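In: can't give you the sequence, but here's the structure:
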């Protein structure tokens, strides 16, 4: 093995690694940091630096910029036809979270390699490790501030283990940058490696082993057979291996977000809840509340759901291709501010009611389940849903009317609103007068007869008729009674302060494969939905090729709170045609005909669909 002399080392170190090389190395080393952080968050619920950093940046950005990002993402998803908007958007957010931290690694690597120029080799590791420590402290501070709080009585603290985990990852990252730098300084540039003379003792034509051709993997990186480019390739291979292993283990062990994970609470936490309100914790010897898991109840099939709906005997059959009247749980849209849903165990969760009350109250899921349950079929829509978008779904909600709880909470006369806080940092205000005048407003803990799925707000969310989802927090952990209204999370970012559902109608399908004949006339079924919140739908009309408006048939809705399925059997005419739709709410008011985007009050306008028949 050929060793470099001191003179040779000095000769190869005359050109410091470039800023581009620093960026490449920073990116390569950040990949396993992200993978290990992801794995730790799944296995031991340690902080996920990517998710925390994304939340930190998200909360710093102005509302207009966030809205621009949302609109751009949705436009790209629709243009590229990437599937369901909510799923694709959530994957996009997760990708952005990791790319953000990857960008931090690239920038730090590039800047560090500039700063290390001219430094003595003995100082390189000290400086780079110190930079890693500083970055680790900053990331640990961010993670501490972005922690998910699942219990306001005894909030989980950012532990020493959390800090050491985050700080350690980035300290190793910084030290790795320095280690690579020192090795690069000892290696020649590409093209400067001399081809070693043939081994005199080896017969000509005898095959050369892989180890002899490329150098043993255990040999020092200063061997003359390797240059800087080859060394970086080796570094890339090592980081890729660590990244795949870490991400693979994280994926293998991750929960699918389909249900509340039962996480045993500590004795200290149980005692804190019991001390606050003895009645909030089940008595010893009593039957514990059932754990909420996705496996507890099998997912109902579409046929089973249809057989159990209140309008199963409705005479009108939806046109083929109309979206399902009742949305399977796995297909219900999910839009929220979190890259990953908060993981909350039933045993560690408690709802704290405080503020302008005579005495604070704490409730568990068992307490809420002790009230007579109310079921409501509900359509929920996102204010970001575009005309004919898929950010709207219908399912059965189960919970307790909020008005039944107000008197028991001993709300003081000066209280006019409740501020609802969610585990992901979301907050919103609800008028107490609105609650007192509408028994349909509920605290819901089940969808489709099953505990809320983790991704849909386990263990508790609120339902408020006639409002978009932006006003309806999930993962609720606290309710504070206050005297004055204030702006909630999305209102502070420039969205509607009322978020009242806009009346809309959509053409879902022109069922050209379902053409039928009746009395010598061919008909093509056309169908879709109409929705006006709790106001209901009184009439839907269709116009073909800008012709007269013709009233359609309406299917009996699942409830007064759901969308309505409409159908129009159009007399067949061969060619390409455009079908437009408009609707009237339950009061007889026609929907807004003007075209408006989603911001700030929700999309409006006439929807149309062109089809060749």
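Out: Looks like it came in fine. Predicted model, so just to flag it, every value in this text is computed and none were measured. Numbers count the residues shown, from 1 in each chain.
In: pLDDT at the closest residue to residue 329 other than its chain neighbours, what is it?
Out: Using C-beta to C-beta, 6 or more residues apart in numbering and skipping the chain neighbours, the partner closest in space to residue 329 is residue 448 (5.4 Å). From N, CA and C alone the C-beta is placed, and that goes for glycine too. pLDDT for residue 448: 95.
In: mean confidence score for the helix or strand that contains residue 542?
Out: Element membership of residue 542, judged by DSSP states H and E, is strand 537-544. Across strand 537-544, pLDDT averages out at 98.
In: Run through who's touching that strand.
Out: For strand 537-544, contacts defined as C-beta atoms under 8 Å, 6 or more residues apart in numbering pick out 505, 507, 526, 530-531, 549-552, 554, 557, 563-564, 566, 568, 570, 577-588.
In: Which strands border that strand, and is each parallel or antiparallel?
Out: strand 550-551 (antiparallel), strand 576-585 (antiparallel) (DSSP bridges).
In: next helix or strand past the shortest one?
Out: Reading on from strand 550-551 to the C-terminus, the next helix or strand found by DSSP H and E is strand 553-554.
In: residues in contact with the spatially most central residue of the chain?
Out: The chain has residue 339 as the residue nearest its centroid, 3.6 Å off, counting by C-alpha atoms, centre = their mean. By C-beta under 8 Å, 6+ apart, the contact set of residue 339 is 50, 51, 54, 55, 90, 93, 94, 97.
In: Any figure for the gap between residue 438 and residue 43?
Out: 45 Å (C-beta to C-beta, to the nearest Å).
In: neighbour-wise, which of those two wins?
Out: Using other C-beta atoms under 10 Å, the more surrounded residue of residue 438 and residue 43 is residue 438, with 17 against 13.
In: Specify the local secondary structure of the more buried one.
Out: coil (DSSP: H, G, I helix; E, B strand; the rest coil).
In: element containing the residue nearest to the centre of the chain?
Out: Residue 339 belongs to no helix or strand, assigned by DSSP H and E.
In: Look up the pLDDT of it for me, please.
Out: For residue 339, pLDDT reads 90.
In: Pop the domain breakdown of this structure in here.
Out: Domain segmentation of the chain under automatic domain parsing yields 6-193+214-253, 267-308+325-487, 504-612.
In: Ok, which of these comes nearest residue 316?
Out: Comparison of the domains of the chain against residue 316 by C-beta to C-beta identifies domain 504-612 as nearest, at 4.2 Å.
In: got the end-to-end distance for that closest one?
Out: 25 Å (C-alpha to C-alpha, to the nearest Å).
In: From the chain's centre, how far out is that domain? Work that out for me.
Out: Taking C-alpha atoms, centre = their mean, to the nearest Å, one finds domain 504-612 lying 32 Å from the centre of the chain it belongs to.
In: hang on, the earlier thing: which of the residues in the strand holding residue 542 are buried?
Out: Neighbour counts over strand 537-544 (16 or more other C-beta atoms under 10 Å) mark 537, 538, 539, 540, 541, 542, 543, 544 as buried.
In: for stretch 42-59, same thing?
Out: Buried, per 16+ other C-beta under 10 Å, within stretch 42-59: 42, 46-56, 58.
In: Now, these that are in strands?
Out: Per DSSP state E, strands hold no members of the buried residues of stretch 42-59.
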